[in-house]
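J.: Dropping a prediction and its sequence here:
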Amino acid sequence: MIGRLLGSRAKRVQRTNPLAAVQTPPSAGVLSCRVLDPVNQPVPQAALAVTDTTGRKVVEGGTDPFGSFMAAVPAGEYRLAVSAEGYAPYRAAATVTEDSLTSLGDVTLQIARPPELPTPGDWEIEPTHSSIGFTARHIGLARIHGRFNSFAGVVRIAEQMDRSAMHVVIDAASIDTNVRMRDDHLRSGDFLDVARFPTLEFYSDRFAHRGGNRWAVTGALSLHGVTRTVTLDTEYLGLGNGMEGEARAACRATTELHRDDYTVSWQTMLARGIAVVGPTIKVGLDIQIVPRG
């Protein structure tokens, strides 16, 4: 009877042991924390990075729906960095010992102060420090990366940011994937057909704030003679000054296009039925703007 009670108690202890949830190799311990917002609600999907004393990243991951994070790491000294959309970054130091739990307890993130917006007026894209790139799937395996080398654009910043507008024009013939034969094919009637449609154009007057430094910029993209509504998932990076002291602002943006939506439908198949070119194109923009002279 006593043996059964002791055995049952041991099992209960084992189930509540925090180390039981993590496979801990020899000479390792467990680092944990719970990430909360200023009103003590959990922050799910917060990003965490654990680095050693040399700055080398040892572990990275995210919090679960309850804001919790737990990872096994070799015994030693570490730095923990926590980040989440709309919150100021958090950093802490921790010492992890063998076969033990090192808990930082509750980590409370503070609301980040939104970056200062550009002053109202006309701003233009500064092409030297901007890029418009894309990625496409090739034969179901590799990704092909490309860019457009020639483009121009103007952003009209309104007194109320959500009433701003932008117009971007891209030279279709400037497409560049670093392979001349492929670029010639992309310029042909099978794809962009630059002889008939020399430019791609994007116009937007819908800037919607998503919180923090995130914006949704929705507008009309004209490509290959077809116009469709597209939303750019945009991260505003703030204001700065150039080498000569001129004001500039920067942002990053992404979106995904479906080739068939723009009747860019050329395709061929490999013998085993895999498409040579994937149906979707991921677009990424890194943009700097300066006041229009």
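T.: Right, received. Where do you want to start? Being a predicted model, the structure only gives us computed values, none of them experimental. Numbering: from 1, shown residues only.

J.: With adjacent residues omitted, what lies nearest to M70?
T.: Residue nearest to M70 in three dimensions, not counting chain neighbours: S32, with 4.2 Å by CB to CB, 6 or more residues apart in numbering. In short, each C-beta sits where N, CA and C put it, glycine included.

J.: before we move on, which element is the one you found in?
T.: Assigned by DSSP states H and E, S32 belongs to strand 28-36.

J.: Off-centre distance for stretch 160-177?
T.: Centroid separation for stretch 160-177 versus its chain: 20 Å, with CA atoms, centre = their mean, to the nearest Å.

J.: for the record, mean pLDDT for that stretch?
T.: Across stretch 160-177, pLDDT averages out at 95.

J.: In this structure the residue nearest to M70 contacts V107, no?
T.: No - at 10.4 Å, S32 and V107 do not qualify as touching, with contact defined as CB atoms under 8 Å.

J.: and T234, what is it in contact with?
T.: By CB atoms under 8 Å, 6 or more residues apart in numbering, the contact set of T234 is R214, W215, A216, V217, C251, R252, A253.

J.: Quick check: ChimeraX command selecting the buried ones in the residues you listed.
T.: In ChimeraX, this line selects whichever of these come out buried by 16 or more other CB atoms under 10 Å:
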select :215,217,251,253
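
J.: Could you export the contacts of T234 to JSON lines, including columns for pLDDT?
T.: As requested, the contacts of T234 are exported to JSON lines (pLDDT from 0 to 100):
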{"residue": "R214", "pLDDT": "88"}
{"residue": "W215", "pLDDT": "93"}
{"residue": "A216", "pLDDT": "95"}
{"residue": "V217", "pLDDT": "96"}
{"residue": "C251", "pLDDT": "95"}
{"residue": "R252", "pLDDT": "96"}
{"residue": "A253", "pLDDT": "97"}
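
J.: Shouldn't R182 be within a strand?
T.: No - R182: not assigned to a strand; according to DSSP: H, G, I helix; E, B strand; the rest coil it is helix.

J.: Next, count neighbours for Y90.
T.: If you count neighbours by other CB atoms under 10 Å, Y90 ends up with 19.

J.: Hmm, it is touching V82, no?
T.: Yes - using CB under 8 Å, Y90 is in contact with V82, at 4.2 Å.

J.: what do the two both touch?
T.: Residues touching both Y90 and V82 by CB under 8 Å, 6+ apart: V107, L109.

J.: which residues touch I281?
T.: F134, T135, A136, E256, L257, H258, R259.

J.: and the closest residue to S131 other than its chain neighbours, what does it touch?
T.: In space, and not counting its chain neighbours, S131 is closest to D286: 4.9 Å by CB to CB, 6+ apart. Neighbouring residues of D286 by CB under 8 Å, 6+ apart: S130, S131, A250, R252.

J.: Look up which residues are beta-bridged to I289.
T.: In this entry, I289 is beta-bridged to I125, A249, by DSSP bridges.

J.: mind listing what it touches?
T.: Going by CB under 8 Å, 6+ apart, I289 touches P118, W123, E124, I125, E126, V155, R248, A249, A250.

J.: Who does the following helix or strand past the strand holding S32 pair with, and is each partner parallel or antiparallel?
T.: Heading C-terminal from strand 28-36, the first helix or strand you meet, by DSSP H and E, is strand 47-51. Here strand 47-51 is paired, per DSSP bridges, with strand 57-62 (antiparallel), strand 76-83 (antiparallel).

J.: most packed of those?
T.: Greatest average neighbour count among the strands paired with strand 47-51 goes to strand 76-83 (a mean of 17), per mean count of other CB atoms under 10 Å.

J.: tell me the angle that one makes with strand 28-36.
T.: If you take axes from the mean of the first three to the mean of the last three CA atoms, to 10 degrees, strand 76-83 sits at 20 degrees to strand 28-36.

J.: Show me how this protein divides into domains.
T.: As assigned by automatic domain parsing, the chain contains the domains 21-108, 121-291.

J.: Lowest average confidence across those, which one?
T.: Across the domains of the chain, domain 121-291 has the smallest mean pLDDT, namely a mean of 87.

J.: how far does that one stretch from start to finish?
T.: End-to-end span of domain 121-291 (CA to CA, to the nearest Å): 8 Å.

J.: export the strands paired with strand 47-51 to JSON lines and tack on distance to L186?
T.: As requested, those are arranged in JSON lines below (distance: least, CB to CB, whole Å):
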{"stretch": "strand 57-62", "distance to L186": "36"}
{"stretch": "strand 76-83", "distance to L186": "37"}
